[in-house]
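Undergrad: I would like to see how this sequence folds:
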Amino acid sequence: MKIIVLFFIFFANILNAQNIAFANRAEILKSVPKYEESLKSIEDQNKKYSEEIKSLQTKLKENLDQITKGYSTEGISDINQLKSILKDSDSLKFNLILQEKEFVEKKQEAYNNLLQSDYDRNIVPILDKIDGIINNFSIRKKYIAIYDFSKTSGDLIYLDKSKDVTKEIIAEVKTNFK
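TA: Predicted structure coming up:
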């Protein structure tokens, strides 16, 4: 009786063997031209916005240095202390610099919101559609898991190439993104 139970347990494990696959998500995403275009556009915008903000911050720093160059600012740790040693005309200029700094911070926040909005509008739908394609593929092929090879490759010692389903998924992505 024991042998029969062990026999059934052994074959139950074989029948319930885990069907796992791997795919390279980066390669899948590259197969969607609109993804690459949208991502490049967002990266270009980000670079442009970053350069503009950096330029504005540099000008603010230069203006602040210009105002404070005739004063001993060593040991001054807060704005009120700095204002107390400035002449009235320099104090007014300093207040303008503080307002400009606030404006630059709001501008940077607005740019970040624009970039996030572009990402949500152009990239997220593509990612969601690809996730749906991969999910349907997994169900149809009876995979219990598909791991992202591009993220696990550093930790992965061995991968059976027959378990790489990247090309199959790319083929499905291409038919779904026409």
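Undergrad: before we move on, what SS does residue 21 have?
TA: Counting by DSSP: H, G, I helix; E, B strand; the rest coil, the backbone at residue 21 sits in strand.
Undergrad: how near is residue 32 to residue 98?
TA: Per Cβ to Cβ, to the nearest Å, residue 32 is found 46 Å from residue 98. The way it works is simple: take the backbone N, C-alpha and C, and place the C-beta from them, glycine included.
Undergrad: no, scratch that, I was asking about residue 36
TA: Distance from residue 36 to residue 98, counting by Cβ to Cβ: 42 Å.
Undergrad: again with residue 133
TA: Distance, residue 133 to residue 98, by Cβ to Cβ: 52 Å.
Undergrad: and the residue nearest in space to the middle of the chain, what is it in contact with?
TA: By Cα atoms, centre = their mean, the mean C-alpha position of the chain lies nearest to residue 119, the distance being 9.5 Å. Neighbouring residues of residue 119 by Cβ atoms under 8 Å, 6 or more residues apart in numbering: residue 42.
Undergrad: still on that earlier bit, between residue 133 and residue 98, which is the more surrounded one?
TA: Higher neighbour count among residue 133 and residue 98: residue 133, with 18 against 14, using other Cβ atoms under 10 Å.
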